[in-house]
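Q: pasting a predicted model and its sequence here:
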Amino acid sequence: MRALAVIPALGLGLTLLVGCGGAEKKQPAVGAAIPAKSRSCAAGSFRRLGSPRLAYAAVVRSRTTVSRRPGGRAFASFSRLNVNRVPTIFSIRGAVVDAGCKPTSYFVQIPKRPNGVTAWVPARQVTVEKVSTRIVVDLSEKRVTLYKGGKRILSSTAAIGAPATPTPTGRFYVNQRLIPADKRGPFGPGAIGVSAFSDVLTGWTQGGPIAIHGTNAPWSIGKAVSNGCIRLPNAVLRKLFGQALGGTPVLIRS
């Protein structure tokens with residue numbers, strides 16, 4: 001949970017880690033990824049989006065503001081790149097559509113305190129991408145499991161937060177992927193940033209963000225010893241890093 005030295009331009013579909021995969025196919029236009037149930041919709045109606053097999057991510061195009069309701073007063077703004085110089089990503093939960101079933105505003109989860117905060121973002125200010133992966137972190141079992149298309153493809157024992165600095169629980173998403181300058185350091189070969197923050201380390205760098213990362217302390221795997229982050233064996237982290245693209249839903253449960 002200390003600051004990471006990162007390689008610029010690493011984000012949703014880019015990785016410089018050897019052997020890792022690229023992005024899933026980008027959608028040709030805003031809203032094109034959202035399947036229409038019919039040829040017409042009630043203008044202003046809400047559609048819930050996402051399932052255990054498929055999720056949607058909103059990538060900020062240049063700059064955007066978010067509000068408590070569609071078209072409302074902005075309470076936060078985001079640039080195309082975040083503080084780590086990687087693309088800003090939101091997790092889409094639903095959309096308000098027009099009469100042609102095209103989204104006008106997306107209901108999203110954003111990487112901001114309090115954990116799990118949601119907001120509305122204008123559809124024209126983001127690009128939509130599909131995500132078929134999902135991560136489940138079970139704290140009681142100290143285990144991380146990756147699903148793709150609803151099928152389990154990876155599972156590993158992990159280290160979790162210590163009793164004094166617990167890993168927060170809730171529904172989050174992968175909001176950035178970072179490569180440390182020192183791959184033999186405390187983060188190992190990479191870190192998968194999660195849109196969650198420590199409940200106790202509020203004064204830490206960038207507000208105490210949570211990540212799933214590698215480690216230079218393999219003895220810690222299977223124990224509750226971290227500052228809130230989730231540690232994996234480096235070999236497992238490399239595999240997860242290559243699959244868990246930006247926007248991947250992350251469920252952390254007790």
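A: Structure's in. What do you need?

Q: residue 149 contacts residue 132, doesn't it?
A: Yes: the pair residue 149 / residue 132 is scored as a contact, 5.1 Å apart, by C-beta atoms under 8 Å. All C-beta atoms are positioned from the backbone trio N, CA, C, and that covers glycine.

Q: shared neighbours, those two?
A: residue 53 (C-beta atoms under 8 Å, 6 or more residues apart in numbering).

Q: tell me which of the two has more neighbours.
A: residue 132 (16 against 11; other C-beta atoms under 10 Å).

Q: that one contacts residue 51, correct?
A: No: using C-beta under 8 Å, residue 132 makes no contact with residue 51, being 10.3 Å away.

Q: how many other residues sit next to residue 125?
A: Neighbours of residue 125 using other C-beta under 10 Å come to 18.

Q: so what's the backbone phi/psi at it?
A: Phi and psi for residue 125, reported as degrees, to the nearest 10, are phi -100, psi 0.

Q: ok, now how distant is it from residue 102?
A: For residue 125, the distance to residue 102 (C-beta to C-beta, to the nearest Å) stands at 15 Å.

Q: same check on residue 239?
A: 37 Å.

Q: again, but for residue 244
A: 29 Å.

Q: equivalent analysis for residue 117, please.
A: Distance from residue 117 to residue 102, by C-beta to C-beta: 26 Å.

Q: nearest spatial neighbour of residue 117, skipping sequence neighbours?
A: Excluding the flanking residues, the one nearest residue 117 by C-beta to C-beta, 6 or more residues apart in numbering is residue 110, at 6.0 Å.

Q: wait, what's in contact with the one you found?
A: 66, 76, 78, 90, 117, 118, 119, 195 are the contacts of residue 110 under C-beta under 8 Å, 6+ apart.

Q: now with 10 Å, please.
A: 58, 66, 76, 78, 88-91, 116-119, 121, 173, 175, 195 (C-beta atoms under 10 Å, 6 or more residues apart in numbering).

Q: report pLDDT for it.
A: Turning to residue 110, the model gives it a pLDDT of 98.

Q: what of residue 202?
A: At residue 202, pLDDT is 75.

Q: could you list every residue that touches it?
A: So residue 202 contacts 113, 208 (C-beta under 10 Å, 6+ apart).

Q: check which helix or strand it maps to.
A: Remark: residue 202 resides in no helix or strand, with elements defined by DSSP states H and E.

Q: same question for residue 168.
A: Per DSSP H and E, there is no helix or strand for residue 168.

Q: sorry, back to before: tell me, what's touching residue 132 and residue 51 both at once?
A: The contact lists of residue 132 and residue 51 share residue 150, where a contact means C-beta under 10 Å, 6+ apart.

Q: as a check, name the ranges of all helices in this structure.
A: Ranges of helices within the chain are 234-243, based on DSSP state H.
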